[in-house]
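# let's see this in three dimensions:
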Amino acid sequence: MEFHQRRKPTPSVPILPLIDILTILLIFFVVTTQFKKKKHTLEVQLPTSNGAPITLTISDTAILAISQDGQYSLNEVQVGSDELLKFLSFYKEDNPNAKFIIEQDKLTPEEYEVFAADMIHKAGFSDVSKRVLLEGEEQ
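Sure thing, here's the model as predicted:
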């Protein structure tokens with residue numbers, strides 16, 4: 001006697017209902033997502049610069065010193081902030097490949113340093129470095 005064997009159904013995953021569910025979940029997450037803004041613990045106003053990035057290199061050709069109250073001195077010659085660009089342009093005529101070191105008082109606001117770097121760049125110089133004291137180093 002022959003018995004009729006039932007065929008086992010092949011397992012399959014219904015794709016179309018899954019696509020519908022995934023679409024609904026995607027819409028839900030997009031609508032309910034809250035984009036958080038970056039929170040700072042301190043209110044900081046950063047200085048601005050109009051110049052391009054400056055390559056920082058170590059050199060000792062010209063020293064631009066900046067005092068706490070915004071007075072500039074190029075190789076021990078006092079220069080006002082309104083005359084700095086003109087003075088640097090004249091300096092470029094005599095020293096076209098000059099390299100600068102910026103030295104500033106530790107209480108000098110950053111905007112004076114950024115202004116000086118911007119003026120150096122506008123005058124046509126590209127090599128600027130900043131001098132700081134390392135631990136144990138004397139002035």
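# next structured bit after the helix or strand bottoming out on mean pLDDT in the chain?
None of the helices or strands of the chain scores lower by mean pLDDT, DSSP states H and E than strand 55-56, at a mean of 42. Along the chain past strand 55-56, the next helix or strand (assigned with DSSP states H and E) turns out to be strand 62-66.
# what does that following strand contact?
72-75, 91, 95, 98-105, 108, 112-113, 116, 120, 131 (CB atoms under 8 Å, 6 or more residues apart in numbering). C-betas here are computed from N, CA, C, even on glycine.
# apply 6 Å and report the result again.
Contact with strand 62-66 is made by 72-75, 98, 100-104, 108, 112, 116, as judged by CB atoms under 6 Å, 6 or more residues apart in numbering.
# quick one: the helices in the chain?
15-32, 84-94, 110-122 (DSSP state H).
# got the CA positions of the first one in CSV?
The C-alpha atoms that make up helix 15-32 are tabulated as CSV, following Å, rounded to 0.1, in the frame of the first residue of the first chain:
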residue,chain,number,x,y,z
ILE,A,15,9.6,40.5,1.9
LEU,A,16,6.9,43.0,1.0
PRO,A,17,5.4,43.3,4.5
LEU,A,18,9.0,43.8,5.9
ILE,A,19,9.6,46.6,3.4
ASP,A,20,6.4,48.3,4.6
ILE,A,21,7.4,47.9,8.2
LEU,A,22,10.9,49.3,7.6
THR,A,23,9.5,52.3,5.7
ILE,A,24,7.2,53.1,8.6
LEU,A,25,10.0,52.8,11.1
LEU,A,26,12.3,55.0,9.0
ILE,A,27,9.6,57.7,8.8
PHE,A,28,9.0,57.4,12.5
PHE,A,29,12.7,57.9,13.4
VAL,A,30,13.2,60.7,11.0
VAL,A,31,10.2,62.6,12.3
THR,A,32,10.9,62.1,16.0
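# return the distance of it from the chain's centre.
40 Å (CA atoms, centre = their mean, to the nearest Å).
# what is the mean pLDDT for stretch 16-33?
Mean pLDDT, stretch 16-33: 91.
# can you list the weak-confidence ranges in this structure?
1, 37-61, 132-139 (pLDDT under 70).
# rerun at 50
Along the chain, segments meeting pLDDT under 50 span 40-42, 44, 46, 54-60, 137-138.
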